[in-house]
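Undergrad: quick one, structure for this:
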Amino acid sequence: MNQDSNHDANNNVDDNFNNSFNSSESLDTLDISASDNIDDEVLDNFYHREQLLSVMMATLDYINEQVKNGLILPYFDDIDTEQWQEKIKALDIYITDEDEGRELNSEARQKNYATNILSYPSDLPVAIIGLMPTLPLGELIICHAVMIREAAEQNKEAVQHISHLLIHGILHLLGFDHELGQAEQDEMERFEIEILAGLNIPNPYF
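TA: Model (predicted):
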């Protein structure tokens, strides 16, 4: 893809993010932080809060529709549908480098390498969530170096790959897990593909 095509692709994604963000009345909250080794330029170039919030809201809007149609959220199956729909959702995202990413992946999964994204569900009892004004989904940790490397290897725009990782991570925070079997993997991938399509982002599995 030439430079002009790359610029057009980024503009299309940005426009779609902005339209989704501007048209939404969601009060969902997103907190983005980073390790000291991630400079402000990286955050400004790759992790605009408005863009990430737009992806978060698109994912939750999609899931809300699925819940209305009977979808069970594995980590929130004890919360009734009305309470799930009414609660404002909160998400934390932390951007880190490869060294810390490796340490965190080793602690969480006993794997001695940095992975693209780690998911830490909130895992709060429903009685506690019922008393809270917001429903905390948990925390996602993105290893920036791995994300950039994967995007280049897969010939993807970085903003598109970040969007996919964010959707993937949120689904993990809700309890979906592609490692449980083929049916679970197919379901999770279908969700991701359909959410990305709504953001005008192509199927990442092609």
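Undergrad: can you give me the neighbour number for M132?
TA: As a burial measure, M132 scores 12 neighbours (other Cβ atoms under 10 Å). Any C-beta I mention is one placed from the backbone N, CA and C, and that applies to glycine too.
Undergrad: next up, the contacts around it.
TA: L124 (Cβ atoms under 8 Å, 6 or more residues apart in numbering).
Undergrad: kindly list the main-chain dihedrals of it?
TA: Main-chain torsions, M132, degrees, to the nearest 10: phi -90, psi 140.
Undergrad: any idea how far it is from I88?
TA: 9 Å (Cβ to Cβ, to the nearest Å).
Undergrad: over to L27?
TA: L27 is 5 Å from I88, by Cβ to Cβ.
Undergrad: E82 now?
TA: 14 Å.
Undergrad: what about those two, which has more around it?
TA: Just comparing E82 and I88: by other Cβ under 10 Å the higher neighbour count belongs to I88, 12 against 8.
Undergrad: okay, the residue positioned nearest the centre of the chain: pLDDT?
TA: Per Cα atoms, centre = their mean, the C-alpha nearest to the average position across the chain is that of L166, at 1.8 Å. Note for L166: predicted pLDDT of 98.
Undergrad: A helix includes it, no?
TA: Yes: assigned with DSSP: H, G, I helix; E, B strand; the rest coil, L166 falls within a helix.
Undergrad: OK, contacts around it?
TA: Counted by Cβ under 8 Å, 6+ apart, L166 has contacts L52, V55, M56, T59, I93, I117, L140.
Undergrad: which of these lies closest to D77?
TA: Set against D77, the nearest of those by Cβ to Cβ is T59 (18.3 Å).
Undergrad: how about the strands in the chain?
TA: Along the chain, the segments classed as strands by DSSP state E run 29-34, 88-96, 117-121, 134-143.
Undergrad: chain center to the shortest one, what's the gap?
TA: What it means is strand 117-121. 10 Å (Cα atoms, centre = their mean, to the nearest Å).
Undergrad: show me what that strand is in contact with.
TA: Under Cβ under 8 Å, 6+ apart, the answer for strand 117-121 is 75, 101, 104-105, 108-109, 137-143, 147, 165-166, 168-169, 172-173, 175.
Undergrad: with that, I have no additional questions.
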